[in-house]
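>>> okay, sequence plus prediction incoming.
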Amino acid sequence: MTACRADRTLRAFLIALLLAATAAAPGFAQNPGSNLLRPPPVRAEPPPATVPEPAGDASPRATPQLQAPAGIEVEAARPLDPEAIGLIDTARGGFPPDAWAASSRALAERLVRDLPAPLASQPLRELAWRTLASTAAGPLVATSLAAPGANAQPNFAGLRAARLRALGDIESAAELARRIPDRMGDPALARLLIDAAFLAQADERACALVREALARARDVALQKALMFCQALAGDGDRAQLGLAMLRDQGAPEDPAFVTLLLAIGGDGRGVRVDTLRNADPLSLAMLRAAKVAPPADSVQSNDPAVLAALARGDWGTPEFRLAAAERAEAFGAMPAGELADFYRAIELTAAQSADPAAFARGDGGPRGRAALFKAADSAAIGPARLAALQALWNHGRERGGYATLARASVALLGQTPPSPDYRFAAADAARALLMAGEREAATGWIRLVRAAQIGGDTAAANEAARIWLLATLAGIETGEARNSARLGAWRQALDATDVRTAPSRASLGVALLSGLGHLPGGGAAVALPQAAFERQTATLPHPALVTALHEAGIGGRPAECALLVVHMLGGDGAAGAPVYVLLSVLDGLRAVGLEENARLLALESAIASGL
């Protein structure tokens, strides 16, 4: 144990030293996090049923006082810690109650408040969701829930709810917010609950919450929401008076808001909104009330909950709704099965249906992907379907969106179990299932790949050697993990596939094996080409994050480690992350017992990189 810790300490020191040097050297950029949701992670049990939000922020009913039976001593109830409120406890997959106990308050608040969102990486989303939703107190817990103000310590549960909202899980965020005392006294929580009501098309409830929030704090967003509520109630004069007052206050111009506000009460004919790239729940409610179609660029919103609402709305073309659905699924705000139904809803011409591959080559957008999906969906179960799925997955690898296409299509494999007749597609099926998080289903296809090499076919042997790495990272063949012969065969198979890219892919694969503790002794040598002795350039996170992750791992601070990993990888997750960063991330997660999270991120990196 001491030796392992010493090795980890030395590795982190060397990585931090390297990052510090590259941060100062020309050609190296600092990037503390980048910009960039499978639906929110499946929980062991569903969260408690959502209680409808009252018109106001009514106090909960008094609990009847029960008398203990004679002879039974009842311990006095401890006061509820309003910061320890969450949605899942350890029995349901959450972090322990003291997960934040040893962390710095200032750092914990920053990690939560500035957490990158949305996240296009499923493993990273699930890690972030678990951390934010866990019933765990914040560090240096306040003795009372002070009203937010200049010197007030923010409620830690409130900060977590706000970031769940940013990740796109509006339902979980609203449920957490409803459990927090004096939630309407916190402007961020008030807006969260208002957003949830607007997205649920509960405008009356949303407007009641708007009026309650305005009685406690005033800001431009709440004032605009009030004007909408006034117009919706038929009080257009008051709404326009509010608009004039807003202009007098020097509020930024918002042409779409003004257009929709003036159109409410009409039939929407002749009314048009040209651009709405920053669509939010209020603007969607206004579009619905004014009977106006959303503009095409609204699907560029980075709010996953808004994207899901755009896709499910009764407006726009099927292609518009599909574009929104693809982005919503990619950010985790829509189940992959629902996205599959959006693909099925696209109507194609006879020529497009006859040759979907040619059509998709010319149309790299949602319609092209829909054509390939529909071809696989309608193909006969067996070799024809597998060939169509291969075309779909190859399109995703070449043109982008592979992870989303894999998740949306793996259900089509359900009626096609692994069979010797399907060896030609076994490796592709295994990769798609692993990318979709279906490790158990992938196992049979991996075994099929391994069995195909028995006949002595060189191509089959190379494919079996390549799949060994994924099986090892996935924990399917851990008995073969430290096999030097397997490692050597894998390295040779990379050369046989693409000798030009083999060195860089070998370096990544060896690093992932090392990061999970699966590299055979001396194994690093298989990834030491001549270029390994040349200086490299890369976009890296700030060295302080590497040091912080190392310290959190040594200190056994799991929640802190988890969110530091999210910050280091950013919105795209492990896909494309530099090897230096991946080594630090995998070490940090394993140091606090998050082995499964480390495994999933390693798999994501490997598959996204073509390994």
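That came through fine. Numbering: from 1, shown residues only.

>>> so which bits of stretch 193-211 are buried?
For stretch 193-211, a neighbour-count test (16 or more other C-beta atoms under 10 Å) marks 193-200, 202-203, 205-210 as buried. Quick note: C-beta positions are derived from backbone N, CA and C, even for glycine.

>>> now, the most widely separated pair of these?
Within the buried residues of stretch 193-211, two members stand farthest from each other by C-beta to C-beta: 199 and 208, at 15.9 Å.

>>> buried ones in stretch 579-597?
For stretch 579-597, burial by neighbour count (16+ other C-beta under 10 Å) applies to 579-592, 594, 597.

>>> farthest pair in those?
Distance extremes for the buried residues of stretch 579-597: the farthest pair is 579 and 592 at 21.4 Å, using C-beta to C-beta.

>>> how close does residue 122 sit to residue 607?
Counting by C-beta to C-beta, to the nearest Å, the gap from residue 122 to residue 607 is 12 Å.

>>> more neighbours: which of these two?
A direct count of neighbours by other C-beta atoms under 10 Å for residue 122 and residue 607 places residue 122 higher, at 26 against 22.

>>> where does that one land on pLDDT?
What the model reports as pLDDT for residue 122 is 92.

>>> that one and residue 332 touch, don't they?
Yes. Judged on C-beta atoms under 8 Å, residue 122 makes contact with residue 332 at a distance of 6.9 Å.

>>> buried residues in the helix or strand where residue 390 lies?
In this assignment (DSSP states H and E), residue 390 forms part of helix 383-399. The neighbour-count check on helix 383-399 (16+ other C-beta under 10 Å) flags 385, 386, 388, 389, 390, 391, 392, 393, 394, 395, 396, 397 as buried.

>>> next secondary structure element downstream of it?
Next along the chain after helix 383-399, taking DSSP H and E as the criterion, comes helix 402-409.

>>> between that following helix and helix 383-399, what angle do the directions make?
Taking axes from the mean of the first three to the mean of the last three C-alpha atoms, to 10 degrees, one finds helix 402-409 and helix 383-399 inclined to each other by 160 degrees.

>>> next, give phi and psi for residue 517.
phi 80, psi 20 (degrees, to the nearest 10).

>>> report the contact partners of it.
Contact analysis of residue 517 by C-beta atoms under 8 Å, 6 or more residues apart in numbering lists residue 590.

>>> repeat that for residue 604.
So residue 604 contacts 121, 122, 123, 403, 435, 573, 574, 575 (C-beta under 8 Å, 6+ apart).

>>> at 10 Å instead, please
Listed by C-beta atoms under 10 Å, 6 or more residues apart in numbering, the contact partners of residue 604 are 121-124, 403, 434-435, 437, 473, 569, 572-575, 577.

>>> not counting its neighbours along the chain, what's nearest it?
residue 574 (4.6 Å; C-beta to C-beta, 6 or more residues apart in numbering).

>>> which SS state does the closest residue in space to residue 399 that isn't next to it in sequence fall under?
Closest residue to residue 399 apart from its sequence neighbours, by C-beta to C-beta, 6+ apart: residue 364 at 4.7 Å. At residue 364 the chain is in coil, as set by DSSP: H, G, I helix; E, B strand; the rest coil.

>>> shouldn't residue 364 be in contact with residue 371?
No. Applying C-beta atoms under 10 Å as the test, residue 364 and residue 371 come out as separate, 11.2 Å apart.

>>> look at those two and report which has more neighbours.
Shown here are residue 364 and residue 371; by other C-beta under 10 Å, residue 371 has more neighbours (24 against 14).

>>> just the pLDDT for the more buried one.
94.

>>> from residue 385, how far off is it?
15 Å.

>>> following the helix or strand of the chain with the lowest mean pLDDT, which helix or strand comes up?
Counting by mean pLDDT, DSSP states H and E, the weakest-scoring helix or strand in the chain turns out to be strand 29-30, with a mean of 33. Next helix or strand after strand 29-30 toward the C-terminus (DSSP H and E): helix 105-113.

>>> residues of whichever helix or strand comes after that following helix that come out buried?
As assigned by DSSP H and E, the chain's next helix or strand after helix 105-113 is helix 122-133. Neighbour counts over helix 122-133 (16+ other C-beta under 10 Å) mark 122, 123, 124, 125, 126, 127, 128, 129, 130, 131, 132, 133 as buried.

>>> now residue 241: how far from residue 254?
Here residue 241 is placed at a distance of 17 Å from residue 254 (C-beta to C-beta).

>>> out of those two, which sits in the busier spot?
Taking neighbours as other C-beta under 10 Å, residue 241 and residue 254 compare with residue 254 leading, 16 against 13.

>>> pretty sure that one sits against residue 246.
Yes. Assessed by C-beta under 10 Å, residue 254 is found in contact with residue 246 at 9.0 Å.

>>> residues shared between the contacts of the two?
Common contacts of residue 254 and residue 246, defined by C-beta under 10 Å, 6+ apart, comprise 220, 224.

>>> give me the average confidence score over stretch 317-333.
94.

>>> show me what counts as buried in it.
Neighbour-count burial for stretch 317-333 flags 318-333 (criterion: 16+ other C-beta under 10 Å).

>>> how about stretch 441-458?
441, 442, 443, 445, 446, 447, 448, 449, 450, 452, 453.

>>> just the ones of those in strands?
Among the buried residues of stretch 441-458, no member falls in strands (DSSP state E).

>>> helices - which of the residues you listed land there?
Using DSSP state H, the subset of those located in helices is 441, 442, 443, 445, 446, 447, 448, 449, 450, 452.

>>> in the protein, which spans are strands?
For the chain, the strands defined by DSSP E cover 29-30, 539-540.

>>> for the last one, which strands pair with it and how are they oriented?
Spelled out, that is strand 539-540. Strand 539-540 has its sheet partners listed here by DSSP bridges as strand 29-30 (parallel).

>>> where in the stretch 1-150 of the chain is pLDDT low?
Applying pLDDT under 70 to the stretch 1-150 of the chain flags the ranges 1-80, 140-150.

>>> same thing with the stretch 151-300 of the chain?
Ranges of the stretch 151-300 of the chain meeting pLDDT under 70: 151-152, 265-269.

>>> for residue 358, give its distance to residue 368.
10 Å.

>>> next one: residue 519 from residue 430, what distance?
Counting by C-beta to C-beta, the gap from residue 519 to residue 430 is 22 Å.

>>> looking at these two, which is more packed in?
residue 430 (29 against 22).

>>> need the overlap of contacts for residue 364 and residue 371.
residue 395.

>>> shaky segments in the stretch 501-611 of the chain?
Along the stretch 501-611 of the chain, the model assigns pLDDT under 70 to residues 520-536.

>>> what segments of it are helices?
502-515, 543-554, 558-569, 579-591, 595-608 (DSSP state H, counting those that start in this stretch).

>>> minimum distance to residue 457: which of those has it?
Closest among the helices of the stretch 501-611 of the chain, using C-beta to C-beta: helix 502-515, at 20.6 Å.

>>> quick one: distance of the closest one to the chain centre.
From the chain centre to the centre of helix 502-515 is a distance of 25 Å (C-alpha atoms, centre = their mean, to the nearest Å).

>>> packing partners of it?
helix 458-473, helix 484-497, helix 579-591, helix 595-608 (3 or more C-beta pairs under 10 Å, 6 or more residues apart in numbering; DSSP states H and E).

>>> save those helices as JSON lines, and put in distance to residue 167 too.
JSON lines is the format used below for those (distance: least, C-beta to C-beta, whole Å):
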{"stretch": "helix 458-473", "distance to residue 167": "26"}
{"stretch": "helix 484-497", "distance to residue 167": "36"}
{"stretch": "helix 579-591", "distance to residue 167": "19"}
{"stretch": "helix 595-608", "distance to residue 167": "16"}
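
>>> residue 168 is nearest to which of these?
Nearest of the helices and strands packed on helix 502-515 (C-beta to C-beta): helix 595-608, 18.6 Å.
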